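Student: need coordinates for the following:
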Amino acid sequence: MKTFENVTVTKAANIYFEGAVTSRSLQFANGESKTLGIMQPGEYRFNTGKAEIMEILSGDVRVRLKDSEEWQDYAAGDRFEVPADSAFDIQVNKVTDYCCSFID
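Tutor: Reported below is the predicted structural model:
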């Protein structure tokens, strides 16, 4: 899906890591929520409340889920899942555009 229809967008950006990662929150009529964002090159750790599906729209990253020793590579068109109440480390190799879907 390249576009979303009938959504509410929060005007204020979510800003992390001194502006190196930013996103905008989307709320759908059915209660579904997503963020669309950009990550600058660097290394970051994110904690999760809800389970997430991260879609890489463009860019190049390596990801290590909490309690894992293994890194996985992801590029445009790839996606990975993160369990609820967890965390992941991400190495962003080049500017990356992403969509994060929150799973209830």
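Student: who's in contact with residue 103?
Tutor: Shown here is residue 103, whose contacts under the criterion Cβ atoms under 8 Å, 6 or more residues apart in numbering are 50, 51, 52, 53, 84. In this view, the C-beta of every residue, glycine as well, is placed from N, C-alpha and C.
Student: identify the bridge partners of it.
Tutor: Beta-bridge pairing for residue 103 (DSSP bridges): residue 51.
Student: and the pLDDT for it?
Tutor: Predicted confidence (pLDDT) for residue 103: 94.
Student: coming back round to it: how about the contacts of residue 103 in TSV, adding distance to residue 60 and pLDDT?
Tutor: Converted to TSV, these look like this (distance: Cβ to Cβ, whole Å; pLDDT from 0 to 100):
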residue	distance to residue 60	pLDDT
50	26	96
51	24	97
52	19	97
53	19	98
84	27	96
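Student: I'd like to know which of these are buried.
Tutor: Judged by neighbour count, with 16 or more other Cβ atoms under 10 Å as the criterion, the buried members of these are residue 52.
Student: identify the farthest-apart pair in the contacts of residue 103.
Tutor: 53 and 84 (11.9 Å; Cβ to Cβ).
Student: endpoint to endpoint, stretch 31-46 covers what distance?
Tutor: 23 Å (Cα to Cα, to the nearest Å).
Student: residues in contact with it?
Tutor: Contacts made with stretch 31-46 from outside it, assessed by Cβ under 8 Å, 6+ apart, are listed as 4, 14, 16-17, 20-28, 59, 61, 82, 87-102, 104.
Student: so where do the strands sit in this protein?
Tutor: Taking DSSP state E as the criterion, the chain carries its strands at 7-9, 14-16, 21-28, 33-39, 42-47, 51-65, 72-75, 79-82, 87-103.
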